[in-house]
Every structure is written in structure tokens, then in C-alpha cells.
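Trainee: Sharing a model prediction with you, sequence too.
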Amino acid sequence: MTVEPRPELPRDAERTRADLLAVATEVFAESGYSGARVDEIAERTRTTKRMIYYYFGGKEGLYMAVLEHAYRGIREAEQRLQVDHVDPVVAMRRVAELTFDHHLDHQAFIRLVAIENIHRGEHIRRLDTLRSLAQPATTLLDEILARGRDQGVFRADVEALDVHLVISSYCVFQVANKYTFGFLFDVDLTEASQRAHLRRMIGDVVVGWLTAT
């Protein structure tokens, strides 16, 4: 059997790979895993299917790379948050608001999560790296909660995973249900004043819950 030689790597290989991930993220978010076409991704990045197969091994490998990249984005944003020496109440509010901003600014991420849940986590279950990638999220919350408890301002019966669940649920809703909720209640959740109001609200909800006696 004759094996075709691999295409020559472009000089800016990292940029090519990043462009492919960016476009593939949008295509998978728009069309789902089943509906997305490698041909369309190649065309929109002005590259070839052969190059996509070179970098990612095919459509499935590309989709899994997109998933990992999307989750890595929110984790890296959290790690850039400098709250080590910040009042724990202020720090917790910043985490909530950061999550809110990231979800609204990266709506393809939410659609990808929804698609993966429709497929019952078929692909994410094979990405063991995401388990370790998720750890810093709860570690950050654990540290803030511990400082808050030490200072006597946070209740003791709430775990980091509880806080993560509440924040994530609220923030995902803003994107996942914006069309249905917006139609039913005649409201645009993405309108500037609404966004500012909802951003403050999640901070108020989390802080109010954690400081309740």
C-alpha cells in the first residue's frame, strides 16, 4: 500500500492550527457534530481537508480539539484572575462576574456544551485532560471560601462545587435560553443595560447566599 507523504508544514504552523480551531468552533457550534462539514471548515480557512487531517486526524479529532480548547478558555480566564489578597466577598463576586462575561463573550462555547450534552457526553468522556483542567476552577473557589470562613463572613455548609454549579447554571441560561426566554417575556438579555443588570445580579445572588446566616 502506498502511503501519501504528509503535506509540508507551513511556516506559521501555530497560527494555521489556531485559525482552524477558531473556524471549526463556529461551524460545530452552528451545525452540531453531525451537520458540520470538514469541507466547509477548509473553505472558510482557505486551507485543505488534507491539512485538517494532518493537524487533527479527521473530523472527530478536530471536534475533540475544539471542545478541549473551549473549556481551556474559561479555565485560563479564571487563572488570570488575581484575587489572592482580595477581600473574599469581593473575590467571589469577581469570579461570578468573570464567568458571566466569558459566557456571553464566547457563546459558541455554550452551544458546544449543549451539543455535547445532546450526544450524552460521547466525546468529552474521552478527553481525560478536561478532568484535570477543571480542577483549578474548584481550587480557586475553595481558596476563596476558606478565607471567607476564616474571616467569619461565609457560611460553612457550602462547597466549591455548589458555588460553581450555581454560577455556571445562571450564566449558561443567559445564552442557552436567550431566544425562548426573550420571546416569552419580551426582553433582550443581551441589551447593554440588561447585561449590566444581570451581571450584578449573579454577584448579588452568590454573595448574598454565602453570607447568609
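Mentor: Happy to help now that I have it. No experiment lies behind these values; they were computed from the predicted model shown.
Trainee: Which other helices and strands does the lowest-mean-pLDDT helix or strand in the chain contact?
Mentor: Least confident helix or strand, the chain: helix 129-150 with a mean of 86, by mean pLDDT, DSSP states H and E. In this structure, helix 129-150 makes packing contacts with helix 59-79, helix 88-105, helix 160-176, judged by 3 or more Cβ pairs under 8 Å, 6 or more residues apart in numbering; DSSP states H and E. Any C-beta I mention is one placed from the backbone N, CA and C, and that applies to glycine too.
Trainee: So for the second one, mean pLDDT?
Mentor: When you say that, I think you mean helix 88-105. The average pLDDT for helix 88-105 rounds to 95.
Trainee: next SSE after that helix?
Mentor: helix 107-118 (DSSP states H and E).
Trainee: Tell me where the protein is predicted with low confidence.
Mentor: 1-11 (pLDDT under 70).
Trainee: returning to that earlier point: now the least confident helix or strand of the chain: buried residues?
Mentor: By neighbour count with 16 or more other Cβ atoms under 10 Å, helix 129-150 contains the buried residues Leu130, Leu133, Ala137, Leu140, Leu141, Ile144, Leu145, Arg147, Gly148.
Trainee: can you redo these as TSV with distance to Arg15?
Mentor: As requested, the buried residues of helix 129-150 are exported to TSV (distance: Cβ to Cβ, whole Å):
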residue	distance to Arg15
Leu130	25
Leu133	23
Ala137	29
Leu140	31
Leu141	35
Ile144	37
Leu145	40
Arg147	41
Gly148	43
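Trainee: which residues sit against the least confident helix or strand of the chain?
Mentor: Counting contacts by Cβ atoms under 8 Å, 6 or more residues apart in numbering, the residues outside helix 129-150 that touch it are 67-68, 71-72, 74-75, 78-79, 81, 83-84, 88-89, 91-92, 95, 124, 154-156, 158-161, 163-164, 210.
Trainee: Let's see it as CSV, backbone CA atoms only.
Mentor: Output in CSV follows, covering the C-alpha atoms of helix 129-150 (Å, rounded to 0.1, in the frame of the first residue of the first chain):
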residue,chain,number,x,y,z
THR,A,129,-7.4,16.1,30.2
LEU,A,130,-10.5,18.0,30.9
ARG,A,131,-10.9,16.5,34.3
SER,A,132,-7.5,17.9,35.4
LEU,A,133,-8.3,21.1,33.6
ALA,A,134,-11.5,21.5,35.7
GLN,A,135,-9.6,21.3,39.0
PRO,A,136,-8.3,24.9,39.1
ALA,A,137,-11.9,26.1,38.9
THR,A,138,-12.9,24.4,42.2
THR,A,139,-9.5,25.1,43.7
LEU,A,140,-9.9,28.8,43.2
LEU,A,141,-13.4,28.7,44.8
ASP,A,142,-12.1,26.5,47.7
GLU,A,143,-9.4,29.1,48.5
ILE,A,144,-11.9,32.0,48.5
LEU,A,145,-14.4,30.1,50.5
ALA,A,146,-11.7,29.1,53.1
ARG,A,147,-10.6,32.7,53.5
GLY,A,148,-14.2,33.8,53.9
ARG,A,149,-14.9,31.2,56.5
ASP,A,150,-11.7,32.1,58.4
